[in-house]
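# just a sequence and a predicted model for now, questions to come.
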Amino acid sequence: MSIVKINVLSVSPDQRETLEKRFGARAGMVESSDGFEWFELLRPVEGTDQYLVYTRWRDEESFQAWMEGPMKAAHQGGGGGEGGERPRPAASGSEVWSFEVVQQAAPRNG
């Protein structure tokens, strides 16, 4: 059964462009991970400053393997900042929500 992880990121308006550029620069990194099924970065439109990072995985083990491998390496890697320093986070807060997919539907074809 698939699982969904939603990373809720608090991002001030002046950091939105930075956050989106950083996600864009990492495009393609998660897609090749074993068990990965889907990704979406959702920008808030009104009423909140929180971005949602939606990922769907085959199972919890696949997500954990990605967290301990490619994701950890991407977030701990040096460089990217001035003088080789790690850039400051664009988000001021983060929490992860976890769900199991119990029902789903797709559009009907014609």
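Now that the structure is in, tell me what you want to look at.
# strands of the chain, start to end?
Here the chain has its strands, by DSSP state E, at 3-10, 36-42, 50-57, 93-100.
# could I get these as CSV with distance to Gly110?
For every residue, glycine as well, the C-beta is placed using N, CA and C. Putting those into CSV (distance: least, CB to CB, whole Å) gives the following:
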stretch, distance to Gly110
strand 3-10, 29
strand 36-42, 24
strand 50-57, 26
strand 93-100, 31
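# for these, which one ends up most surrounded?
Highest mean neighbour count of the strands of the chain: strand 50-57, a mean of 18 (counted as mean count of other CB atoms under 10 Å).
# and that strand, how far out from the chain's middle?
Relative to its chain's centre, strand 50-57 lies at 5 Å (CA atoms, centre = their mean, to the nearest Å).
# packing partners of that strand?
Applying 3 or more CB pairs under 8 Å, 6 or more residues apart in numbering; DSSP states H and E, we find strand 50-57 packed against strand 3-10, helix 16-25, strand 36-42, helix 60-66.
# try 7 Å
The elements that strand 50-57 packs onto, with contact taken as 3 or more CB pairs under 7 Å, 6 or more residues apart in numbering; DSSP states H and E, are strand 3-10, strand 36-42.
# who wins for proximity to Gly93 among these?
Gly93 sits nearest to strand 3-10 of all the helices and strands packed on strand 50-57, at 3.9 Å, using CB to CB.
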